[in-house]
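Engineer: only geometry, no sequence info:
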């Protein structure tokens, strides 16, 4: 009989190995899925995981896709470490994109300059923060569950952007398509590598990871948030303000998600539409968990998640599978991770059933 | 039907999936398990129900399939949180993401299909009562099922010994274990029941309500159902009332738009009402922490593992 | 006392060579034990000696890895508690296994087989409660009951199944001295009717008063059997801990200095719907004294501690004055800067973060002592502080980088105590300083508190262990129902008087008369 047995002390090794086990299980699950769908699993694997990154352009696309994921995930991770469950990054991203787009459209056909982009960055962050401020305020003032509130606001944000691109922000010359004008060059982020779409937002993301690292592991505020996450009563005993942590957690998530939204509209999209987000806000939750809320981990987990996105697009093109197969992989990955985390605190023992 | 009857009719239909899903979650939560995956389980129930109904031509097989799909999803969750002691909040989120993604994946080929409308089940005599007769008693069979479910759950929780055991486990699995109850097994059963009900709720949407399949068609109803359980402070009657209130808010837009009152509100604003209403009721109920604390299952969301 | 050890009485329970191994610890090793009919049999041992594990195996909550159990001469494998109950074994748990949101009848019904009719059951409960002097109202919700009443519910729940063996796990730790006597009467009555009782305790005087036979456990092994009436507390103690019981040195009173803590009409409604509301609490602690607060658990201790520490501040700043500063509204951090230290009752999860290292746990409260620079943590300084604390307070651990949850309860308590003391508080508030701690560590901690008082710190100790308070306090007060009694000098009071006060009756003029018959 297999039994779980508690370890005397939590295993550090397993806490790093567990995400790798989860990735492995996800790959096995993927092979099974391809087989079940009557596709050659080796071929499927190649299309999904190898083809997207077989050339420089592929890699640049990978980093491009990973950028909003890194931004959202690092912002969320700050809060998650303190058990502030902001799961509305998707909505905050959308509102950030809306705010940045408003700036871009305001300066449309005006004399462009660096100030447009700077204002767009600021607007994006503030937009995301405003949206995240609602659950933060309700949580600190009325103790309202931030999970449900931040999630409800995702739907509201989607409706908001839908209304805007059907109304006030709609391209007047766009044949009534639900999208804005294309932004002018002054409202687009500079490209990093000529011939690709990878833009300067990627450096924002890496910068955010660095700042996040210092905050989490060197600063006292980061320490306070970790204490609150591990043991709420200990944080209260030490006198750390729970309200302050809720605000920090949600504001960092909102600001980074808003910036991610800005980087999408001022980057690959170049305009705002009602499909401004590609589920990045939700995928970033998976990224944060798989990364163990660690900035270094977030870097790699974002690349993996981006690969799943690109693989999904390839699978649609070459295997005739719906692109939502990426979401299946993402969901599987997180489930496997949460399951295999048991081995951090427990080990499996073979035990004879005692009579 | 006159306008009042139509509103009542539509409200009841819109509230029904919420009742079924929320009552299922109520049972799971009473055992101490917080499953935030209702959205994903509903989505899977919806696609399974739709596909099976389409292929078999039998809506009831579809409902069964939806129920099975929801239960299967909740089984994954149960294994992760009950056997492997995963974090309930994170695992529930994962289940939502997985369910929504998987349903979109499976449902892709079905996006252009439409099911035949299932006729209402008319209850003789009662349906002839003026004004309220038709909305209440000339309804889909699952509407009556939701009422039976409500009655059954009230009896189960407050009159049956099994319900007493369930509440005991939800308060303190350790105590229940120490006097000899298999807390984990009971939590498994409650979680599976919650999943099965979420599956039926999803199938109701795709087989009876719309009746078609669109990616993301659950559109937050799973989350609203979870909020509803909090709003109802874990009491079945308040779930029922709350679900119809939300049903009313959801159908409001149809009647405001069609009322000919000359009001021209962008449809997105009206569509946002249920989500805003959810936030508002959550705020109202959370202001009174004592009521929440007195009624919430004490061990809600906490892992339990018996020392053997 | 009638001797129940006559040889003609049959054995009801025999344990032979019971062994139970957990991953990190051997809980029981080759334990043998025999209990006769109608015998009150003590199982004596320190916290962590393996008493509770042994009882759980008898009751079927845990299963032994080796050894066998005989019940009335027959070998049995107890599968689960229901099986144990069907054999006639009942157990009253130390941490009650009652459900607070259910009423008494429902709680009792849950432990009975079948589906008993709740009305009839309520009548049965009343009947049993009258017969054994255990008054309780069957319809009340458990959360509204006092700790003593809850214990009665647990006992009644066992008695309804006509047990042949009743296991009592540390039953007196939650009772006033007077209630302990009543409980003993009930247990003697049961034993006289032929019921065997296994009485788990670490309190030597109680065992001497009540039990016919005692089996002593140390580190999971039986270190001896004895007849308590023929032993001295000293001889039993040496069986229990393997050496003489250490007694702390209490120096002569120090000259009292300034007032360091003052409570002025502190009132607060409990956040916990099942808690006690604090009412108009007046209190003063001066430099150089230890004030002890006694009381049965659940009478407002939690609420008082939260209000003192600042974890749940109160509305009026003047209600709590720390070192002369009105601090009622301040959070713990501010109070600490004003000179207060605080050691909470729960070590893991409140006084320390289980998964964090001792270094990080030092930072928890020591961050004001120059451990930060521009908001960044100075890790070398904090590790140095942790090492100092480990050394000075004799904390046994693998090093300061090890996690708090890898330490034993006693060592973690020494670490937390050391951390708070090293921060040189002018006022130290301590809750349950030695709860669940082994005798050696307990003596060390008590001595540390006395030394600190001698150096002029004002100390407030809240404890449920009366003996401990009488050992270390200069003055003693009692909390009951959220109200605080006047404090009395140790020389002017005694355990009996404090015991009566613990039921809230300090307004009565002559407690001695109430006690006359006891």
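Structural biologist: Okay, I see it. None of these values were measured; they are calculated from a predicted model.

Engineer: Can you verify my assumption that residue B:30 contacts residue B:157?
Structural biologist: Yes: using CB atoms under 8 Å, residue B:30 is in contact with residue B:157, at 6.9 Å. Yep, even glycine has a C-beta here, placed from its N, CA and C like the rest.

Engineer: quick one: which of these two has more around it?
Structural biologist: residue B:30 (24 against 19; other CB atoms under 10 Å in any protein chain shown).

Engineer: Per-residue pLDDT of that one, please?
Structural biologist: Predicted confidence (pLDDT) for residue B:30: 95.

Engineer: got the residues of chain C near chain B?
Structural biologist: Proximity of chain C to chain B, by CB under 8 Å from any CB of the partner chain, involves residues C:22, C:60-63, C:80-85, C:93, C:96-102, C:106, C:109-111, C:115, C:271-273.

Engineer: Type out the ChimeraX command that picks the buried ones from those residues.
Structural biologist: Of the residues of chain C next to chain B, the buried ones can be selected in ChimeraX as follows, counting by 16 or more other CB atoms under 10 Å in any protein chain shown:
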select /C:22,60,61,62,80,81,82,84,85,93,96,97,98,99,100,101,102,106,109,110,111
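
Engineer: Which helix in chain B has the most residues?
Structural biologist: Criterion DSSP state H: the longest helix present in chain B is helix B:3-30.

Engineer: what's around residue B:85, how many residues?
Structural biologist: Residue B:85: 19 neighbours (other CB under 10 Å).

Engineer: ah, wrong one, I meant residue C:156
Structural biologist: That count, for residue C:156 with other CB under 10 Å as the rule, works out to 23.

Engineer: how about it, secondary structure?
Structural biologist: helix (DSSP: H, G, I helix; E, B strand; the rest coil).

Engineer: And it, how far from residue C:78?
Structural biologist: Here the criterion is CB to CB, to the nearest Å. By it, residue C:156 lies 22 Å from residue C:78.

Engineer: circling back: identify those among the residues of chain C next to chain B that sit within helices.
Structural biologist: Applying DSSP H to the residues of chain C next to chain B, the entries found in helices are C:81-85, C:106, C:109-110.

Engineer: Next one: the residue nearest to residue A:201 when sequence neighbours are not counted from chain C, what distance?
Structural biologist: In space, and not counting its chain neighbours, residue A:201 is closest to residue A:263: 3.5 Å by CB to CB, 6 or more residues apart in numbering or on different chains. Distance, residue A:263 to chain C, using CB to the nearest CB, to the nearest Å: 28 Å.

Engineer: In a helix, residue A:263, correct?
Structural biologist: Yes: applying three-state DSSP, one finds residue A:263 inside a helix.

Engineer: Give me every residue in chain C lying close to chain A.
Structural biologist: Contacts of chain C with chain A, taken as CB under 8 Å from any CB, map to C:23-24, C:63, C:65, C:77, C:309-311, C:331-336, C:342, C:344, C:346, C:349-356, C:360, C:363-365, C:367, C:372, C:375-377, C:402-403, C:405-406.

Engineer: Filter these down to the buried ones and hand me the ChimeraX line.
Structural biologist: Buried residues among the residues of chain C next to chain A (16+ other CB under 10 Å), as a ChimeraX selection:
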select /C:65,309,310,311,331,332,333,334,335,336,342,344,349,350,351,352,353,354,355,356,360,363,364,365,367,372,377,403,405,406
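
Engineer: Now do the shared contacts for residue B:30 and residue B:157.
Structural biologist: B:166-167 (CB atoms under 8 Å, 6 or more residues apart in numbering or on different chains).

Engineer: What is the end-to-end distance of stretch C:165-174?
Structural biologist: 22 Å (CA to CA, to the nearest Å).

Engineer: Go through that stretch and flag the buried ones.
Structural biologist: C:165-174.

Engineer: same question, stretch C:438-455
Structural biologist: Going by neighbour count (16+ other CB under 10 Å), the buried part of stretch C:438-455 is C:438-439, C:441-450, C:452-453.

Engineer: Please enumerate residues in contact with that stretch?
Structural biologist: C:46-48, C:240-241, C:245-251, C:254, C:288-290, C:393-394, C:408-411, C:413-414, C:417-418, C:421, C:428, C:430, C:433-434, C:437, C:459, C:461, C:468, C:471-472, C:474.

Engineer: Of the residues of chain C next to chain A, which belong to helices?
Structural biologist: C:309, C:332-336, C:360, C:363-365.

Engineer: looking at chain C, which helix or strand is least sure?
Structural biologist: helix C:511-514 (a mean of 45; mean pLDDT, DSSP states H and E).

Engineer: Next, whichever residue of the stretch 351-500 of chain C sits closest to chain B: phi, psi?
Structural biologist: Across the stretch 351-500 of chain C, the shortest distance to chain B (CB to the nearest CB) belongs to residue C:355, at 13.8 Å. Reported as degrees, to the nearest 10, the phi and psi values for residue C:355 are phi -90, psi -10.

Engineer: Give me the pLDDT for it.
Structural biologist: Residue C:355 carries a pLDDT score of 88 in this model.

Engineer: Could you do residue C:61 as well?
Structural biologist: According to the predicted model, the pLDDT of residue C:61 comes to 84.

Engineer: Now for residue C:44: which residues touch it?
Structural biologist: Contacts of residue C:44 (CB under 8 Å, 6+ apart): C:51, C:201-202, C:204, C:207, C:214-217, C:236, C:239-240.

Engineer: mind redoing it with 7 Å?
Structural biologist: C:201-202, C:207, C:214, C:216, C:236, C:240 (CB atoms under 7 Å, 6 or more residues apart in numbering or on different chains).

Engineer: Save the residues you listed as a markdown table, and put in distance to residue B:21 too.
Structural biologist: Listed next are the contacts of residue C:44 as a markdown table, based on distance: CB to CB, whole Å:
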| residue | distance to residue B:21 |
| --- | --- |
| C:201 | 51 |
| C:202 | 52 |
| C:207 | 57 |
| C:214 | 58 |
| C:216 | 58 |
| C:236 | 61 |
| C:240 | 57 |
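
Engineer: nearest to chain B, of the residues you listed?
Structural biologist: Using CB to the nearest CB, these come closest to chain B at residue C:201, 19.4 Å.

Engineer: Quick one: name the residues of chain B near chain A.
Structural biologist: Within chain B, the residues that sit near chain A (CB under 7 Å from any CB of the partner chain) are B:36, B:76, B:80, B:84-87, B:89-91, B:93-94, B:97-98, B:100-102, B:104-105, B:108, B:219-220, B:223, B:226-227, B:230, B:266, B:268, B:271-272, B:275-276, B:278-279, B:282-283, B:286-287, B:289.

Engineer: Give me the buried subset of the residues you listed.
Structural biologist: For these, buried by 16+ other CB under 10 Å: B:36, B:76, B:80, B:84-87, B:89-91, B:93-94, B:97-98, B:100-102, B:104-105, B:108, B:219-220, B:223, B:226-227, B:230, B:268, B:271-272, B:275, B:278-279, B:282-283, B:286.

Engineer: Brilliant, that's me finished.
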